[in-house]
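Visitor: 3D model of this:
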Amino acid sequence: MIASSSHREATAINDRPIRVGFVGAGNVLPAYLQVLDRLVPRGLAEAGPVCVRRPEARAALAVRRPGLRLVEDVRGVLTAGVDVVVVLTPPDSHAAIAIAALEAGCHVVVEKPLALSRPEAEPVVRLAAERGRHLLAAPFVQLAPTFRELWTHVAGGAIGHLHSLRGLYGNAGSTWAAWYHDPAVGPLAEAGIYNLKSMALLAGQVVAVQAAEATAAPRRTIAGEPVAAGPDVVHAILRHHDGALSSLVASQAVARYRRPALELYGTEGTANLLGDDWDPTGWELWRAGAGCWEQHEPLDATWLWADGLRELVAALREGRPPLTSSTLDLHVLDVLDAARRSARSGRPEAPASTFEPLDLTLRVDVERRHLHDHTRPFDEQ
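Guide: Got it, this is the predicted structure:
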C-alpha cells in the first residue's frame, strides 16, 4: 500500500524562510509567483531559481521579474539548496522531474496531473514516502475555504443523503501549447480533473466509470502551426461506492459557460458551488425544511488555485503534514485511466483503487467573513 503522505519529518522549519525553486515558466508560473509574493514579505519563504529552458522565455521573464535568478536546466534548481521544488512543465515530464527533486531531498508541488497514468505516478508517491518528503499534487480544491465550508455542511447532512452530483468545466482550448491537445492528456485530465477530485472528496471512491469522447475541432492552429488535435469533449458518468452518481463534462471546445461549478442533490436539499471549483465565488444551499435558498459569500475571495505552495510552506513551518492525500491523487489518475478505457470499449470500467478520505471540516468564525481589503487574505488584514 502506498502511504497518503509522509509524517517522518515533524520538526518545523521556523528559524528561516522556506526556499522555493521552480521548474517551468509557462502560463501558470505567474499564479505561483503571486502566492510566493504573499509569503516573502512575511519572512515565510524566499525565491530560489526558476528553470526556463527557452532563451526567449528567459528574456521575457527577466524583464517582468528582474529579481529572479533564471537557470537553463533542472539541475540549476536542484543544486541551489531549495527546500521546495514546484513543477510547472508539460504533463509528460511531471513524474520524472518530481522524482529528480525528491532524490535531491526536496519537497515537491506538482501541477496537474501528477503523471499521465497511475502506474507512472506510483513511484513518485512511493519515493516521497521513503524519503520523508511532502508531495502535493494539483488541483488543490481541498484547500479552498469556500469548498471546505460547503464540504462541511454536506458531510454534516445538510442536504440529507447525497445521491447525485453534476459538474462541467471547459475552455476554448490552447493556441500556445500543442501538448494541451495531446490525446495522452485530454480534456478530462487537463480540465475535468478539478470536478473529478471535488466529486471524489464529496461522494467518495469511484467504483465505475462510463465515458464517451468526441472531437469538436479536429485541427487547431497552435503557435502559428496547424496541429491535428485529439478528442476535446468528454462526458462521463461516475458511480461512487455509497451509490451516488456523478455526471461530468470536460471540454477544450467550450467558448463560454455560465453555471455552478458543482450541483449537489440530496434527499433533503440541494447545494451548489458557484463559480469554478478552482475559483469558487460562493455557494448556495436549499433545505427542504426551510423552503428557501441560503446564499453564502466566498470565505476568502483572494484564494488562489496555486494554493498548494502556500500549504506546503505552512506545513514545513509548522512541522505538520499538509492537507493532502496521495492515495486520492492516485485514485483520480485511476479514474482517468478507467474513463479512457471506457471511451474506447463503450462499456463501464472499474478503477481498481480506494483512497484515504480527508477531513475537510471547517468551523467558520462569522466575524472573519468581513474583509477590509479584498486584495489580501484574512491573515494579512
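Visitor: quick one: the residue lying closest to residue 140 once chain neighbours are set aside and residue 361, what's the gap?
Guide: Excluding its sequence neighbours, the residue lying closest to residue 140 (CB to CB, 6 or more residues apart in numbering) is residue 308, at 4.3 Å. The C-beta positions use only the backbone N, C-alpha and C, and glycine is treated the same way. Look at residue 308 and residue 361: by CB to CB, to the nearest Å, they are 20 Å apart.
Visitor: who's more crowded, these two?
Guide: residue 308 (26 against 11; other CB atoms under 10 Å).
Visitor: Stretch 68-75: end-to-end distance?
Guide: With CA to CA, to the nearest Å as the measure, stretch 68-75 spans 17 Å from end to end.
Visitor: gap between it and the chain center?
Guide: Relative to the chain's own centre, stretch 68-75 is displaced by 25 Å; criterion: CA atoms, centre = their mean, to the nearest Å.
Visitor: So what touches that stretch?
Guide: Stretch 68-75 has contacts (CB atoms under 8 Å, 6 or more residues apart in numbering) with 23, 47-53, 58, 61-62, 77, 80, 97, 100.
Visitor: Compare those and tell me which has the most neighbours.
Guide: residue 23 (28 neighbours).
Visitor: That one against residue 85, yeah?
Guide: Yes - in this structure, residue 23 is within contact of residue 85 by CB atoms under 8 Å, at 6.3 Å.
Visitor: any common contacting residues for those two?
Guide: Common contacts of residue 23 and residue 85, defined by CB under 8 Å, 6+ apart, comprise 77, 97, 101.
Visitor: In helices only, show me these.
Guide: For the shared contacts of residue 23 and residue 85, the ones inside helices are 77, 97, 101, with DSSP state H as the criterion.
Visitor: Reformat the residues you listed as JSON lines; add distance to residue 155.
Guide: Converted to JSON lines, these look like this (distance: CB to CB, whole Å):
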{"residue": "77", "distance to residue 155": "39"}
{"residue": "97", "distance to residue 155": "35"}
{"residue": "101", "distance to residue 155": "34"}
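Visitor: Return the closest of those with respect to residue 277.
Guide: residue 97 (26.0 Å; CB to CB).
Visitor: got the contact list for that closest one?
Guide: The neighbours of residue 97, taking CB under 8 Å, 6+ apart as the test, are 23, 74, 85, 87, 89, 110.
Visitor: and residue 41, how many neighbours?
Guide: By other CB under 10 Å, 9 other residues sit near residue 41.
Visitor: before we move on, what about residue 19?
Guide: Residues near residue 19, counting by other CB under 10 Å: 17.
Visitor: Is it within a helix or a strand, and which one?
Guide: Using DSSP states H and E, residue 19 falls within strand 18-23.
Visitor: can you list the residues that contact that strand?
Guide: Under CB under 8 Å, 6+ apart, the answer for strand 18-23 is 29, 32, 36, 39, 44-51, 74, 77-78, 80-89, 97, 101, 106, 309, 313, 316-317.
Visitor: If we use 7 Å, what do you get?
Guide: For strand 18-23, the external contacting residues (CB atoms under 7 Å, 6 or more residues apart in numbering) are 29, 32, 36, 44-51, 74, 77, 80-89, 97, 309, 313, 316-317.
Visitor: Neighbour count says what about the residues you listed? Which are buried?
Guide: Buried members of the contacts of strand 18-23, scored by 16 or more other CB atoms under 10 Å, are 29, 32, 36, 44-45, 47-51, 74, 77, 80, 82-89, 97, 309, 313, 316-317.
Visitor: Now, the residues you listed that are in helices?
Guide: With DSSP H as the criterion, helices contain 29, 32, 36, 77, 97, 309, 313, 316, 317 from among the buried ones among the contacts of strand 18-23.
Visitor: export those to a markdown table and tack on pLDDT?
Guide: Formatted as a markdown table, these follow (pLDDT from 0 to 100):
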| residue | pLDDT |
| --- | --- |
| 29 | 97 |
| 32 | 98 |
| 36 | 97 |
| 77 | 98 |
| 97 | 98 |
| 309 | 98 |
| 313 | 98 |
| 316 | 98 |
| 317 | 96 |
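Visitor: Just flag the most distant two among the residues you listed.
Guide: Top of the distance list for these (CB to CB): 97 and 317, 24.4 Å.
Visitor: can you list the domains in the protein?
Guide: When the chain is parsed with automatic domain parsing, its domains come out as 18-138+306-319, 143-303+333-345.
Visitor: Can you add distance to residue 351 and give these back as TSV?
Guide: Shown next, in TSV, are these (distance: least, CB to CB, whole Å):
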stretch	distance to residue 351
domain 18-138+306-319	9
domain 143-303+333-345	4
